[in-house]
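S.K.: pasted the sequence and its predicted model underneath.
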Amino acid sequence: MRFSGTRIRVDRQSPLAIRRYLLGWSLKDQTSRPIPPTLPDNLGQEVSVCLRSSNSTVSWYDPFCGIRSPSNTSVVQKWLKAETQYAKKSLSGTPASAGLVRALVDEMASRHSTDGLEPPNEIYGGYAYYQRQNELGWIVDCRRRIGVGANSTWDGREQVLRDWKVISDECGSFADMSPLKVSDDGTRIAYTVDTIGDEAYRLHIEEVANSNVETNKRLDIIDDVWSFQWSSQRDEILYVRRDEKLRPCELWLHRIGSARTDDERLFFESDEAFYFDLGKTKDGALLTLNSHSKSTSEVAIVPADTPRKTPVVIEPRGKCQYFVEHHANHLYILPTQDDGNGFKLVRAPVEDPCMKNWITVFTPVNGCRIEDADFFNSCVVVHVRNSLGLREFCLVGYGQPDPSAHQPEAPIESTTVAGHQSNVSKIPTSGIYVELPQSISLGTVQPAANSSSFASSFRFSSSTPLCPASDWSIDLPTGILKELGSTKCGGSPHFADTLYCTERLFLSGQGPGDPQIPVTVVSHTMHPMTSTRPALVCIYGAYGQSLEPQFDPAHICLLRRGWSIAYCHARGGGELGQAWHESGRHVHKMNTTKDLCATIIGLCDLGYTTPSKVICRGASAGGLPVAALCNEYPDLLAGAVLRVPYLDILTSLLDTSLPLTIHEHEEWGDPASDEATLQSIQALCPVQNVFTKAKEDTIDHYPHIFATGSMLDERVQYWHPAKFVAALRAKSHSNTFLVTSTDTGHFDRTLESDALEIAFCLRTVEDDTP
């Protein structure tokens, strides 16, 4: 682990030098470059807001407000199409550049293989469930009966439940499918499918075929379903619907075979700041009705076999966030702690589960924070992050917690299992911490379904920047960690992952009072620290979500060409707990951009790269700090990749008719509430600051921009990147590209879009290595 104790001063190069470097792009082919498309100049209008605190009106001029106006739809769509064509022609319009893009697509496709890795069986209800690939490479969901039953047709032979190719052929070129959920008696399955990427899911309900000669019988299809759960009754299923603002808020009960008009609405969440979801406890006994805002929760429970009963609220909203599970006739709850240090584990009686009856079972020590928990008969597997923000697991015994344990406790020394062995035979309530190998803890860790409480092991998978996938198990109760299988980075050209390393750095903050920033870096072990290597710096930093590095074939393309990949775990994310999130949200949101700035300076200080070789990338809310950095410190980077970026936040947060807006006020603030919040969001908004804050001496060397948007994206509408690019067209001479998809959603990407993105990165830093 390396620490950067000092900062460097990044001197501004002369405007002429910057122009030669950034505007040159490829100076030899400037004359053949296509001409950027133009927008009409009559899209501006005055925008006003009445502040509730003072009843006063504040107005400003938005020169590109008309991009989102329905009256300009045809003009804007024509412009967006022209922008996409311009970007593709600029990045792949010559034989050499087109060859590079094709080579990148082929290389990334070859590295997507998961050959050699067979996910372990998921044991549930007398069956072993698993996935395999057919001869064409498509996923097939299957199961086998465990043990031979007297009346079993299958007796251990494979039973195909769902063939992904069949579903894909039905849906067309795009199909986003949820995992299968099986009815309690095992005879029926249900799953949702999104066919165009707009997150409008269709619920499929099927009777499982008796043989592989037959196909499943489709019983019902229900449109516009957000989530669902089986009732304990095989002929009833419950589902959640969204309102006109796409907020999940209604719970409905459907009797299979009946008309949709006969469905019963069982619950409605009326508060627009709350999203509703339906859960089911692991033992199948209870349905959980979960209402969550960004800061508080209200959960109610109802028996799964009688879903029409009046739900019992565990604790009214307003006091904390919490999540609920049921085990051995008790409720186990994860509420946030009063000190802001994540969650703790408490237990409550089902009969009277309110907060006054919560008894603390486990509170992590030594700076660890709880993120989730999984319940088995032998113990609770608690998902934690340690003081460095790295993933661990902790095995916690149920014991008989002291009734006074809900009072502040003295720290308890916990047993640690390091590596792959342990002699522990009994799990204490103080917990056994299972440390993961650093290569795993620096990547992404995803628990398996772990459906059976009777399982003797806890299973999870991992993905790291250098390893596509590995499957692991932790023995219960010994805590022994075992690797079940993994797949290496294959494909062509050959990639020697042993020549690269992943490390965690803590870099100095931008100001004297700013904390150190955790940064994960992937780089070649043999390259000297000469500041000549290009670097891709990735960031998210919002909603308390952690930025977890994982395998990405596009990143392998860059690593193989001498790049380093850095992940900035900035404030606003969840890597270092609730306080880390709080210090990067609302009026403190600019701290996320400050951390990105400090990360680039720190990486340059340590010799990983230099500003003229840095590309920053942010997706969705992560696009905001990247664009803000371009406005404030354009000399710190050569270019930026903005994937469906959230950039026009001022006008979006003022428009409560948009999906998500009211829900987002807790994270970003409500600009209509008071002048201080309005000014804070105005200062943060990248689109507004291209208009007003970019100074004449920075316009000419603005970083190159590659932005993407989607017409089907309801989370971040297409006009966020469109208005930003339009503003840059009017102000800057940098190379700015916008690719807008008409057939993908917020989370969907293609190999072609990734290849264009990588081609942009390579050409921006003048790296023509094939």
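M.R.: The structure has been received and is ready for your questions. Residues are numbered from 1 along each chain as shown.

S.K.: burial check on Phe454, number of neighbours?
M.R.: For Phe454, the count of nearby residues is 8 (other C-beta atoms under 10 Å). For every residue, glycine as well, the C-beta is placed using N, CA and C.

S.K.: what's the closest non-adjacent residue to Gln233?
M.R.: Counting by C-beta to C-beta, 6 or more residues apart in numbering, Gln233 lies nearest to Asp305, which is 6.7 Å off, once chain neighbours are set aside.

S.K.: over to Ala672?
M.R.: Val49 (5.2 Å).

S.K.: tell me which element that neighbour is part of?
M.R.: strand 45-51 (DSSP states H and E).

S.K.: picking that back up, how about the secondary structure of the residue nearest to Gln233?
M.R.: Here Asp305 is coil, with the state taken from DSSP: H, G, I helix; E, B strand; the rest coil.

S.K.: longest helix of this structure?
M.R.: For the chain, the helix with the greatest residue count under DSSP state H is helix 73-92.

S.K.: pull the distance from the helix or strand that comes right after that helix to the chain's centre.
M.R.: The element immediately downstream of helix 73-92 (helix or strand, assigned by DSSP H and E) is helix 95-110. The chain centroid and the centroid of helix 95-110 are separated by 27 Å under C-alpha atoms, centre = their mean, to the nearest Å.

S.K.: likewise stretch 492-510?
M.R.: Distance, centroid of stretch 492-510 to centroid of chain: 21 Å (C-alpha atoms, centre = their mean).

S.K.: show the end-to-end separation of it, please.
M.R.: In stretch 492-510, first residue to last residue: 41 Å (C-alpha to C-alpha, to the nearest Å).

S.K.: can you mark which positions in it are buried?
M.R.: If you call a residue buried by 16 or more other C-beta atoms under 10 Å, then stretch 492-510 has these buried ones: Phe495, Tyr500, Thr502, Arg504, Leu505, Phe506, Leu507, Ser508, Gly509, Gln510.

S.K.: of all those, which comes closest to Arg749?
M.R.: Set against Arg749, the nearest of those by C-beta to C-beta is Phe495 (20.6 Å).

S.K.: just the pLDDT for Asp697.
M.R.: Here, the pLDDT recorded for Asp697 equals 51.

S.K.: repeat for Val384
M.R.: Here the pLDDT value assigned to Val384 is 94.

S.K.: what of the one 5 residues further on?
M.R.: Predicted confidence (pLDDT) at Gly389: the value is 91.

S.K.: beta partners for the residue nearest to Ala672?
M.R.: Following DSSP bridges, Val49 is listed with bridge partners Val58.

S.K.: about what we covered before: pLDDT check: weakest of the buried residues of stretch 492-510?
M.R.: Minimum pLDDT across the buried residues of stretch 492-510 is recorded for Phe495, with 84.

S.K.: next, it: secondary structure please.
M.R.: What three-state DSSP gives for Phe495 is coil.

S.K.: I'd assumed Leu558 was in contact with it.
M.R.: No. Look at Phe495 against Leu558 with C-beta atoms under 8 Å: they stay out of range, at 11.4 Å.

S.K.: thinking again about what came up before, wait, the residue nearest to Gln233 sits on Ser232?
M.R.: Yes. Using C-beta under 8 Å, Asp305 is in contact with Ser232, at 3.7 Å.

S.K.: so which strand or helix has the closest residue to Ala285 other than its chain neighbours?
M.R.: Distances taken as C-beta to C-beta, 6+ apart place His326 nearest to Ala285, at 5.5 Å, with adjacent residues excluded. Using DSSP H and E, His326 sits in strand 322-327.

S.K.: then that strand to PDB, C-alphas only?
M.R.: Taking Å, rounded to 0.1, in the frame of the first residue of the first chain, the C-alpha atoms of strand 322-327 are listed here in PDB:
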ATOM      1  CA  TYR A 322     -33.700  -0.700   8.100                       C
ATOM      2  CA  PHE A 323     -34.100  -4.000   6.400                       C
ATOM      3  CA  VAL A 324     -35.800  -7.200   7.700                       C
ATOM      4  CA  GLU A 325     -35.300 -10.900   7.700                       C
ATOM      5  CA  HIS A 326     -37.100 -13.800   9.500                       C
ATOM      6  CA  HIS A 327     -35.400 -16.800  11.100                       C
END
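
S.K.: measure how far it is from the centre of its chain, please.
M.R.: 23 Å.

S.K.: so Leu397 versus Lys89, what's the distance?
M.R.: Small correction: residue 397 is Gly, not Leu. Distance from Gly397 to Lys89, counting by C-beta to C-beta, to the nearest Å: 64 Å.

S.K.: so for these two, which residue has more residues nearby?
M.R.: Remark: of Gly397 and Lys89, Gly397 carries more neighbours, 18 against 14, as counted by other C-beta under 10 Å.

S.K.: residues touching the more buried one, list them.
M.R.: Shown in contact with Gly397 (C-beta atoms under 8 Å, 6 or more residues apart in numbering): Cys379, Val380, Lys426, Ile427, Pro428, Thr429, Pro477.

S.K.: quick one: strands adjacent to whatever helix or strand comes next after the strand holding His326?
M.R.: Once the chain leaves strand 322-327, the next helix or strand it forms, by DSSP H and E, is strand 330-335. Sheet pairing for strand 330-335, assigned by DSSP bridges, gives strand 322-327 (antiparallel), strand 345-349 (antiparallel).

S.K.: and of those, who's closest to Leu684?
M.R.: Per C-beta to C-beta, nearest to Leu684 of the strands paired with strand 330-335: strand 322-327, 30.6 Å.

S.K.: can you tell me what sits against the closest one?
M.R.: Against strand 322-327 from outside (C-beta under 8 Å, 6+ apart): 279, 281-283, 285-286, 288, 290, 297, 299, 301, 314-315, 331-336, 343, 350, 372-373, 375, 453.
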